[in-house]
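1. coords please:
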Amino acid sequence: MRAFLAVALFATVAGSASAAKHPSACALLTNAEAGKALGARIAYVTPQSGPVQSCTWNSAPLSKATSVRKWLMVQLTAKTEAVFVHDEGGQQGSVPIRGIGKIAFGTPGNQVVQLAVWKDGYAFTVFVTYAASPLKTELGLARIVAQHL
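-> Next up is the predicted model:
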């Protein structure tokens, strides 16, 4: 019975420790940091949990005549370096980005630009909408996220 309790206690502590180590995507940016990057006040934040955690910071509508909002999203998942390189580096149009994390890839496009970064066993992706320079904005945000990670 004691052996069973010891194993159960170890499993509970080990499970809690690994869960505690996995950061929340919403804890990687403050509303002030997100608002500064978007150039707009943050109206609300939407977290999503699961194997890939995400957090979306949404501005107020751009005008009274529309419901269109600026938003940015950070997605976070535990991932090995090899899997990250395969997943992100193998995307069509993906280019290596220097100066952020150990490895980073940008995927520029007409409407969607994303920046994916690997650091210390985690992959995170930053998306920004309605930015004059999306990749530059994402690089600034990625540096902040990497510091919080």
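2. For Ile42, which residues are in contact?
-> 31, 34-35, 57-59 (C-beta atoms under 8 Å, 6 or more residues apart in numbering). No exception for glycine: its C-beta is placed from N, CA and C like everyone else's.
3. can you rerun that using 10 Å?
-> Ile42 is in contact with 29-36, 57-60, 70-72, counting by C-beta atoms under 10 Å, 6 or more residues apart in numbering.
4. now do Ser54
-> Listed by C-beta under 10 Å, 6+ apart, the contact set of Ser54 reads 25-26, 46-48, 73-77, 124-125, 127.
5. switch the cut-off to 8 Å
-> Contact analysis of Ser54 by C-beta under 8 Å, 6+ apart lists 25, 47-48, 73-76.
6. Now restrict those to buried residues only.
-> Those of those that meet the buried threshold are 25, 73-76, by 16 or more other C-beta atoms under 10 Å.
7. Name the nearest of those relative to Arg143.
-> Relative to Arg143, the closest of the buried ones among the contacts of Ser54 is Val74; by C-beta to C-beta it sits at 12.6 Å.
8. That closest one and Ser67, how far apart?
-> Distance of Val74 to Ser67, computed by C-beta to C-beta, to the nearest Å: 23 Å.
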